[in-house]
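J.: Sequence and predicted model, in that order:
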There are 2 protein chains.
Amino acid sequence: MIPTKLTSYIHQHQAFLRHEDTPTAFLHRCLEVIDHREGHIHAFVALDREGAELAAVASSARWKSGSPLSPVDGMPVGIKDVIETATMPTGQGSAQFSGTRTGRDAAAVLALREAGAIILGKTVTTEFAATHPGETRNPCDLERTPGGSSSGSAAAVSAGMLPAALGTQVVGSIIRPASYCGVYGYKPSFGALNRGGSNDQLSQSCLGVLGASLDDICAVAAEIALRVGGDPGYPALHLTKEANVRPTTLAVLNFAAPTDVGHAERAAFAVLCKRLQDCGLRVIDRDSDPDLERLEQALLNVFTETRRIVTWESVWPLREYAGSPNPRLSADTLARVQGGLSMTPADYLAALTQRNSVRTLSNEVLGAYDAVISLAATCVAPIGITSTGNPRQNVAASYLSAPVVSLPVMHVDGLPLGLQVMACPGNDSALFNIAYYLESLLKT
Amino acid sequence: MIPTKLTSYIHQHQAFLRHEDTPTAFLHRCLEVIDHREGHIHAFVALDREGAELAAVASSARWKSGSPLSPVDGMPVGIKDVIETATMPTGQGSAQFSGTRTGRDAAAVLALREAGAIILGKTVTTEFAATHPGETRNPCDLERTPGGSSSGSAAAVSAGMLPAALGTQVVGSIIRPASYCGVYGYKPSFGALNRGGSNDQLSQSCLGVLGASLDDICAVAAEIALRVGGDPGYPALHLTKEANVRPTTLAVLNFAAPTDVGHAERAAFAVLCKRLQDCGLRVIDRDSDPDLERLEQALLNVFTETRRIVTWESVWPLREYAGSPNPRLSADTLARVQGGLSMTPADYLAALTQRNSVRTLSNEVLGAYDAVISLAATCVAPIGITSTGNPRQNVAASYLSAPVVSLPVMHVDGLPLGLQVMACPGNDSALFNIAYYLESLLKT
């Protein structure tokens, strides 16, 4: 087991302003970790060292003169390789698209670059951000999966190579790898961060952030929202940090079947709930609130329902790629293409209608709670890298379009395990304030 | 003035089945018109003659054996050049992207190809489907604009070069050119036709169809919806032709300021309304229904509001393109980039909130009517090709996310003028049935 040491950028601000540290020195420390560990971890598909050095010099000058462009000025970030970058190829984890250059930055990358961030590398994704895995290994234990689909982003942050990286999630692709790798993860409310150029336009997909601290995640997300907004038609994320937020009532939801969840993980979560109760919080589960039981029942099929939705919505472009002159697609992707052929618009409409009704129920039930807490994964990172693990703890938040954060505040057998904190759609700012508060209770 | 002769494909079905005509012969007639007129009209940026010939031979064999893939099997179609095609470049009407090959078909193009349609050519669009015009001329009078942004699609159908072509509309980019060129146009309810790969992802944008008849438009739209559905998260268009639809009550809405509308055009519309009333329809305007007056008032600013929305939503990718190493953007586009820099997410949120409230009002008021009729343009096609004309009659339907059809049933000074028929969002099928009925009254 290799202990992880997360590398916050935001926490270096004071050192930059006091001229005790510089973005260039920070970058060099990141590159040192990369040089030392990347050969074993395989978090990246591309690195732009030269561009990063130049950007760091410019940023260092801005910090030196006391005029950084933003809190992320000089921050080295990783970009999940489904998201377009002007300076590096965008391979989408696909043999068919490996090395493809689109020549432009995605909306979020444009925003980060304008904010002064350093676009250091492209991080490994599963093929088309779906299930077929890449080669990335978990920095906490190289025999284990980092999770997916944002595999490289989670692993790079976990290994201390980067303070933050972009990911995307339609099922559990940010929160699960965050849990497996012991980093912070954030998937916003649907639409709150602009997905332009992210090659992940499904109706539950979000662009989100993995980072070394809540501060790093908030800083990255805020710059994206400020500069390029959310998806067309949706309000952009608007974060307001409030010092004295004190949630009183948390709901506990079990998303996965009891047999899917590890015993030790369940025990760790019970201990955590007890600690929160000891701090004066009300922690309510299905045994005390029949509405929560009703909601858990309504959420039982969300994995299957999500699969129907995603299968239909992937008809294009996957069927187009499958029919191209030289298709090089995994068996997983070909199976999804086949699945799409057996669906009709009416099947899809039924799935949307069902999703809407579950969303309505969820908003009704959860209105009584400050937030929902649960395990961020069914277990710690499983051994092996041929599967990216079980997303059943994560799919509900995606299905509900709800904002969710993973806090690396538990361990089982020396491996990290995340606490998943979820709020109702649109309540991203409140969620972060609650997450800060819970972390302050649990880190002491 | 050159009279236009629209070329329906669907109306040839019987001739195909009786072996009196073939898709190959049909294609050759289209190519003959193209050879004869394209040098003056400039409807196309690319033609795939070789691919079209091969596809026509295959289609002809299917029709001969009585087993066409779909009603559009063998139909030559044009694709607005913002929409991706595997077999031709996608230049987006932009000097910067001229000749760019993406190597894939957009969702709608994939669907049409799978349905057996012949992807014959890419049609001229204004730059990025916005305002900076191309070189296309109006087949009805070469001194006049065909309208835009779907300029080439409207012109090609108008000249009899094609039975149908794809367009997109965020303000008035399908319905206005349909009116100016004397063809049928259809913009669906928001989300009803899959925009994947159409490079037009704004929150009011739709992919739609221009065609030689309602039958041609319906056939094309139905195949897209059936095979690739709508946008992720939206129900796909579902058309059901009903023989005995008979609308009883139509609302008249004036979208443009009175001074913006030509006198002769207003008179032509008054004559048309009188004809409908003589056929027994109730045609109600603001003078008889104060709710319609209230709605017209609420719609007064939709052009300005739409411009705010579109400007913010265009921040990406336009700012990215403007910042690229060799930007080649029009002054119009650079002005839009500048406009985006002066907006904030809060400004955008205010615009969305305002739009939602107008949509709510509209749905309340229009629930009392079978459909809304109006002029499809403020006037016939204006002289000159440096502007694509005034979209004020069209922007409301885009802003309201409402389905709308243009019927070429009026003339002023020998030039075509469309009747715009609009329904409430989601009522596309009812709208088509009403449009068929109105056309049957007005064509006799």
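T.: Yep, that arrived.
J.: For stretch A:393-412, which residues meet the burial criterion?
T.: A:393-410, A:412 (16 or more other Cβ atoms under 10 Å in any protein chain shown). C-betas here are computed from N, CA, C, even on glycine.
J.: anything in it near chain B?
T.: No. Residues of stretch A:393-412 contacting chain B under Cβ under 8 Å from any Cβ of the partner chain: none, with a closest distance of 9.7 Å.
J.: Output that stretch as CSV, restricted to C-alpha atoms.
T.: What follows is stretch A:393-412, C-alpha atoms only, in CSV (Å, rounded to 0.1, in the frame of the first residue of the first chain):
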residue,chain,number,x,y,z
GLN,A,393,-24.0,3.9,-5.0
ASN,A,394,-23.6,6.7,-7.6
VAL,A,395,-26.2,6.2,-10.3
ALA,A,396,-29.1,7.7,-8.2
ALA,A,397,-27.6,11.2,-8.1
SER,A,398,-27.0,11.1,-11.8
TYR,A,399,-30.5,9.8,-12.5
LEU,A,400,-31.9,12.5,-10.2
SER,A,401,-29.8,15.3,-11.7
ALA,A,402,-28.7,16.0,-8.2
PRO,A,403,-25.4,17.6,-7.1
VAL,A,404,-23.1,15.3,-5.2
VAL,A,405,-19.7,15.5,-3.5
SER,A,406,-17.4,12.7,-2.3
LEU,A,407,-15.3,13.4,0.8
PRO,A,408,-12.3,11.0,1.4
VAL,A,409,-13.0,10.6,5.1
MET,A,410,-13.2,6.8,5.7
HIS,A,411,-10.7,4.0,5.4
VAL,A,412,-11.2,0.2,5.2
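J.: Just the mean pLDDT for it, thanks.
T.: What stretch A:393-412 shows for mean pLDDT is 98.
J.: Please apply the same query to stretch A:159-171.
T.: Taken as a whole, stretch A:159-171 has an average pLDDT of 98.
J.: and the closest residue to A:T131 other than its chain neighbours, what does it touch?
T.: The shortest distance from A:T131 to any non-neighbouring residue, by Cβ to Cβ, 6 or more residues apart in numbering or on different chains, is to A:D332 (4.8 Å). Applying Cβ atoms under 8 Å, 6 or more residues apart in numbering or on different chains to A:D332 gives the contacts A:127, A:130-132.
J.: Report the two of those residues separated the most.
T.: Greatest spatial distance among the contacts of A:D332 (Cβ to Cβ): A:E127 and A:T131, at 7.8 Å.
J.: ok, back up a step: wait, a helix at the residue nearest to A:T131?
T.: Yes. Applying DSSP: H, G, I helix; E, B strand; the rest coil, one finds A:D332 inside a helix.
J.: and whichever strand or helix holds A:A165, does that touch chain B?
T.: Under the criterion of DSSP states H and E, A:A165 resides in strand A:164-169. No. Using Cβ under 8 Å from any Cβ, strand A:164-169 stays clear of chain B, coming no nearer than 13.6 Å.
J.: got it, and stretch A:221-241?
T.: Yes. Judged by Cβ under 8 Å from any Cβ, stretch A:221-241 and chain B are in contact via A:225-230, A:232-236, A:238.
J.: Please compute how far that stretch lies from its chain's middle.
T.: Distance of stretch A:221-241 from the chain centroid (Cα atoms, centre = their mean, to the nearest Å) equals 16 Å.
J.: What residues of it count as buried?
T.: Under 16+ other Cβ under 10 Å, the buried positions of stretch A:221-241 are A:221-239.
J.: first vs last residue of that stretch, how far apart are they?
T.: End-to-end distance of stretch A:221-241: 13 Å, with Cα to Cα, to the nearest Å as the criterion.
J.: on that earlier part again, what strands line up against the strand holding A:A165, and which way round?
T.: Sheet pairing of strand A:164-169 (DSSP bridges) gives strand A:76-80 (parallel), strand A:206-211 (antiparallel).
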